[in-house]
Every structure is written in C-alpha cells, then in structure tokens.
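Novice: Take this sequence and fold it.
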Amino acid sequence: MYRDSEPKLLSLPGKIQPSYMFRIKRLYTFIIETFLPVFFATFGVCLFIVLMQFLFQFVDDLVGKGIGIELLGKMFFHAALSFVPLALPLAILLASLITFGNLGERLELLAMKASGISLLQIMRPMILLICFVSIGVFFFQNDVLPQNQVKHKTLLRSIKLKYPEMNIPEKTFYKGIEGDNL
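Specialist: Numbering: from 1, shown residues only. From the prediction side, this is the model:
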C-alpha cells in the first residue's frame, strides 16, 4: 500500500495521532493578518455609504422636527444593524481584492507562487475565514435581524407620528388649518 519513499505513520496505542491537516501555517496567519485590517476598514466604509443612503432617503422625515441626539443615535444604530447584510458582501469582495492586490504589488504573491504554493493554498485561510463569517451572518440574520427590523420600523413610525409635519399638497387649496385657507 505504501511505497518505500513515503513515510509511514506509526500507530501508538492509547495516544492520539498528530493531525497535520489542521496545522496553522505561518503563511496562513500572515494572509489573515493582512486581510483583517483591510476587511474592517472596507466594512466600515461600506456601512457608512449605506447609512448615508438611508439618511438621504429619510432626511425629509427627520429635518426640522426637533429630534434629540439620543433618538437619532438609536435610529442610526438600528439602521446600521439592519444594513450589515448589505455591506458585508461588498466589504469581503473589496477587502480580498485589495489584499491580493497589495500582495501582488509588494511581490509577495510572486514569492509564494515561486516557492511552489498554489493559488488555492494561498487563498485557503481567507476561504475558511469567510466560511466562518458566513455562518455567523446566517445566525445573525436569523436571530438578531428580525427583532432589530421590528424595532427600527417601530422607531421610524413613532418619529413620524410623534413629530408630525405639515403635509400641504402643491397647487391645491388646503383647509387643514382652522381659520386659514392655503
């Protein structure tokens, strides 16, 4: 079964055999350490962009109503949690592109390929990390997100009802104010 050139594993009774499959190599830690700061930065930027889009969408409902900082902070917190599933795939894509671009620019990717490491082996730690992140995001979307969206929609509705604005239609006569005809 084994050739003479291949090493044979000796089975020691009562002892656990060493697992070479789950050993973390120095290259894997280097790639993860290179990827994580870029990932967190791009996630923050993507979440900020999505939050600004939310702000521009609801700016008419928020401006000029005298809403306190605490209520705005709570609203933005719930909005940020509900926009995590939108910002996370963009952040993963951008961070992986930036990471491998930086590795290629500094010729580290070339050195890895020259030493005989395949591209799949180079990408293995990021693939495993993204698999764990996707499992975490699945549970986040399944457990946390529905409760958060209910709180977010309730908060938006209470802001609209508690701080009403004058909805005066254009180019029509409005009789909603007593004693005035607009």
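
Novice: residues contacting Leu55?
Specialist: When contacts are counted by C-beta atoms under 8 Å, 6 or more residues apart in numbering, Leu55 touches Leu62. In this view, the C-beta of every residue, glycine as well, is placed from N, C-alpha and C.

Novice: Repeat that for Ala95.
Specialist: Contacts of Ala95 (C-beta under 8 Å, 6+ apart): Phe35, Val38, Phe39, Ala41, Thr42, Phe43.

Novice: Using TSV, please lay out the residues you listed together with secondary structure and neighbour count.
Specialist: Rendered in TSV, the data for the contacts of Ala95 read as follows (DSSP: H, G, I helix; E, B strand; the rest coil; neighbours: other C-beta atoms under 10 Å):
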residue	secondary structure	neighbour count
Phe35	helix	22
Val38	helix	18
Phe39	helix	23
Ala41	helix	14
Thr42	helix	21
Phe43	helix	18
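
Novice: Looking at the residues you listed, which is nearest Leu93?
Specialist: Using C-beta to C-beta, Thr42 comes nearest to Leu93 of the contacts of Ala95, at 8.6 Å.

Novice: Test for you: state the pLDDT assigned to the closest one.
Specialist: Note on Thr42: pLDDT of 97.

Novice: Would you map the helices across this structure?
Specialist: With DSSP state H as the criterion, the chain has helices at 26-57, 59-62, 69-82, 84-105, 108-114, 119-139, 145-162.

Novice: Phe76 touches Val50, doesn't it?
Specialist: No: using C-beta atoms under 8 Å, Phe76 is not in contact with Val50; the gap is 11.4 Å.

Novice: and these two? which has more neighbours close in?
Specialist: The neighbour count for Phe76 versus Val50, taken as other C-beta atoms under 10 Å, is higher for Val50 (18 against 14).

Novice: Disregarding residues adjacent in the polypeptide, which is nearest to the more buried one?
Specialist: Nearest residue to Val50, sequence neighbours excluded (C-beta to C-beta, 6 or more residues apart in numbering): Phe83, at 4.4 Å.
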